[in-house]
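Colleague: Sharing a model prediction with you, sequence too.
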Amino acid sequence: KLEVSTDDNEIGELRKLAEMFRSRLPHFNLEGLWVGKFSSEIDSFDFIEISYKGNSLLATKRSGEGRSVPVGEISFKADLTPSCFSSEAATECLLPLQLPENVVDKWQGSLVRFPGKGQIADENYENPEWIDGELIMVDETHYIFVWESIKYQIFFTRPPRHLWREDEFGPYPLEYGSGGLP
């Protein structure tokens, strides 16, 4: 039989421990600005800002012109709940992507992924809708979001210094290092 503690001190300690473990998971450390190439146009990079609401990751568009989802709107979201360990795992769980032998050393054999929703719309933000997607963690500094039904994906990384817009975003954050697209 599982006993649930009602001791406030014990609950507080368990909460701190859970927060410490959560802070070590790469998918819960994406907060801040990221850059991705949203179109095939040369030098066409958009910035998104990652935030969290509970176990949900939210990606809000911070820059970009002439596309269907405007600045200030959520471009995509992902559910980071560890559903693979729930009783509904068979229908909710996205198993890691197994990688071919020739890339195993670089990406450690598999990529963790999470179910999500990507927003799409016609020009001028007409007929917006959410479609199924997934967030794929490449490593601590890169991830991909896939809009499944339209077979569209964007590779994200921390913004390199040469793309940073200080007038919009303020000083370049030191924790972003050199950033950059591979």
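Modeller: That came through, no problem. Residues are numbered from 1 along each chain as shown.

Colleague: how much space between residue 174 and residue 36?
Modeller: Separation of residue 174 from residue 36 (Cβ to Cβ, to the nearest Å): 22 Å. C-betas here are computed from N, CA, C, even on glycine.

Colleague: An error on my part: the question was meant for residue 116.
Modeller: Per Cβ to Cβ, residue 116 is found 14 Å from residue 36.

Colleague: Tell me which of these two has more neighbours.
Modeller: More crowded of residue 116 and residue 36, by other Cβ atoms under 10 Å: residue 116, with 25 against 21.

Colleague: what's the neighbour count on the residue lying closest to residue 61 once chain neighbours are set aside?
Modeller: Excluding the flanking residues, the one nearest residue 61 by Cβ to Cβ, 6 or more residues apart in numbering is residue 75, at 4.8 Å. Using other Cβ under 10 Å, residue 75 has 26 other residues around it.

Colleague: C-terminal to the longest strand along the chain, what's the next element?
Modeller: Across the chain, the longest stretch assigned as strand under DSSP state E is strand 126-139. Helices and strands here follow DSSP states H and E; after strand 126-139, the next one along the chain is strand 142-147.

Colleague: how far out from the middle of the chain is that next one?
Modeller: 7 Å (Cα atoms, centre = their mean, to the nearest Å).

Colleague: Sheet-wise, list the partners of that strand with their directions.
Modeller: Sheet pairing here is set by DSSP bridges, and for strand 142-147 it gives strand 126-139 (antiparallel), strand 152-157 (antiparallel).

Colleague: now the helices for the chain?
Modeller: For the chain, the helices defined by DSSP state H occupy 8-23, 89-92, 104-107, 166-169.

Colleague: worst average pLDDT in those helices?
Modeller: Ranked by mean pLDDT, the helices of the chain bottom out at helix 89-92, with a mean of 48.

Colleague: Show me where the protein dips below the pLDDT cut-off.
Modeller: Applying pLDDT under 70 to the chain picks out residues 1-5, 14-15, 18, 20-24, 38-43, 65-67, 83-109, 178-182.

Colleague: That concludes my questions; thank you for your assistance.
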